[in-house]
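J.: 3D model of this:
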Amino acid sequence: MISKKIAVIVGSLRKESYSLKVAKALIALAPESLTHEIIEIGDLQLYNEDLEKTPPNAWTRFREHLKGFDGVLFITPEYNRSVPAVLKNAIDVGSRPYGNSAWDGKPGAVVSVSPGNISGFGANHHLRQSLVFLNVPAMPQPEAYIGGAAKLFNDNGDLINQSTREFFQKFMVAFAQWVSRNPD
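T.: Model prediction:
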């Protein structure tokens, strides 16, 4: 079986972020038909169209690297009922120059993560709005709103909640099927 390469975009820069822990848990529970790479977005200069004449090297590397993936998995916290600026910036950098988006046609999925009870609902749906314009077919079901994230991991960052583990496995199996049905 040929493995599909999945870019994992984590919308939090914090070293011990819940989003990063969720991303690692999802990767560990994914079927063998998917391989994953967490793509660094913290070094991307803020998007400014004036820089497109001579794009920053980090932009060029990011865009070219993304083009080599078969799908994309977004893991995002919620900041002020939306996605963090670093994630929105990565989306904007990857979508330009206009007409040459590195995201175009890649099947995707969105997981929002929060220590609170609302589970990043606003961020999840704001991100989905952007994905429509980017022509990223986002997996509609199962939806993934991960609340109470502080209680899901031990001090080593290991997922300790069995029902969440089972959900993550089901989610990743569904995502693998989504990617295979929606080739880039």
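J.: is the spatially most central residue of the chain within a helix or a strand, and which one?
T.: Nearest to the mean C-alpha position of the chain, counting by Cα atoms, centre = their mean, stands Phe74 at 1.2 Å. Assigned by DSSP states H and E, Phe74 falls within strand 71-77.
J.: next, the angle strand 71-77 makes with whichever helix or strand comes after that strand.
T.: Scanning forward in sequence from strand 71-77 by DSSP H and E, the next helix or strand is helix 85-94. Angle between the axes of helix 85-94 and strand 71-77 is 150 degrees (criterion: axes from the mean of the first three to the mean of the last three Cα atoms, to 10 degrees).
J.: check which helices and strands the helix or strand that helix 85-94 is followed by sits against.
T.: Using DSSP H and E, the helix or strand that follows helix 85-94 towards the C-terminus is strand 108-113. Packing partners of strand 108-113 (3 or more Cβ pairs under 8 Å, 6 or more residues apart in numbering; DSSP states H and E): helix 18-29, strand 71-77, helix 121-134, strand 144-146, helix 162-181. Every C-beta, even on glycine, is put in place using the N, C-alpha and C of the backbone.
J.: on that earlier part again, quick one, what contacts the residue nearest to the centre of the chain?
T.: Ile9, Gly11, Leu87, Gly108, Ala109, Val110, Val111, Leu127 (Cβ atoms under 8 Å, 6 or more residues apart in numbering).
J.: redo that, cut-off 7 Å
T.: Ile9, Gly11, Gly108, Val110, Val111, Leu127 (Cβ atoms under 7 Å, 6 or more residues apart in numbering).
J.: do the same with Val8
T.: For Val8, counting by Cβ under 7 Å, 6+ apart, the contacting residues are Ala23, Ile27, His36, Glu37, Ile38, Ile39, Leu73, Ile75.
J.: separation between the most far-flung residue of the chain relative to its centre and Val93?
T.: Using Cα atoms, centre = their mean, the residue of the chain lying farthest from its centre is Lys53. It sits 28.1 Å away. The gap separating Lys53 from Val93 is 15 Å, by Cβ to Cβ, to the nearest Å.
J.: now swap in Ala23 and tell me
T.: 20 Å.
J.: that older thread, what is the mean pLDDT for the strand holding Phe74?
T.: If you average the pLDDT over strand 71-77, you get 98.
J.: listing partners with orientation, what would you give for that strand?
T.: Using DSSP bridges, the strands paired with strand 71-77 are strand 4-10 (parallel), strand 108-113 (parallel).
J.: hey, which of these is tucked in deepest?
T.: strand 108-113 (a mean of 27; mean count of other Cβ atoms under 10 Å).
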